[in-house]
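*Asks:* Mind folding the following:
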Amino acid sequence: MAKELMRLEIEPAENGGHTVTHHYRTSAKRDAKNPSGVSYQHQEPEHHVFGKDEGHEMLRHVAEHTGVAEPGEEDDELDEGE
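*Replies:* Model (predicted):
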């Protein structure tokens, strides 16, 4: 089962850049051994630290994980389809 992104947090980092934290939904699956019939697997948040000169890389990372197109991407896709 693929991890499902629930939210992202962007915070200032000690290095002058930013930390992007990915929070994923807890996944549930059927478990015959569990009295409730369901077990939950907690997904630990993932932390990605970007330096003070890596703002563009940080924004690209966020765009990639949220599915937001960067400026110019939509134009490039239209050009390729013509």
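*Asks:* Around His47, how many other residues sit close by?
*Replies:* 12 (other C-beta atoms under 10 Å). The C-beta positions use only the backbone N, C-alpha and C, and glycine is treated the same way.
*Asks:* Could I get the contacting residues of it?
*Replies:* Thr19, Val20, Thr21, His22 (C-beta atoms under 8 Å, 6 or more residues apart in numbering).
*Asks:* Report the mean confidence score over the helix or strand hosting the second one.
*Replies:* Secondary structure assigned from DSSP states H and E places Val20 in strand 18-24. For strand 18-24, the mean per-residue pLDDT is 96.
*Asks:* The following helix or strand past that strand - which strands sit beside it in the sheet, and in what orientation?
*Replies:* Next helix or strand after strand 18-24 toward the C-terminus (DSSP H and E): strand 27-30. Neighbouring strands of strand 27-30 in its sheet, by DSSP bridges, are strand 38-41 (antiparallel).
*Asks:* List the neighbours of the strand it pairs with that are in contact with it.
*Replies:* Thr26, Ser27, Ala28, Lys29, Arg30, Asp31.
*Asks:* Just checking the distance from it to the centre of its chain.
*Replies:* In terms of C-alpha atoms, centre = their mean, to the nearest Å, the centre of strand 38-41 is found 22 Å from the chain centre.
*Asks:* Give me the mean pLDDT for it.
*Replies:* 73.
*Asks:* which intervals of this structure have sub-threshold pLDDT?
*Replies:* 1-2, 34, 70, 73-82 (pLDDT under 70).
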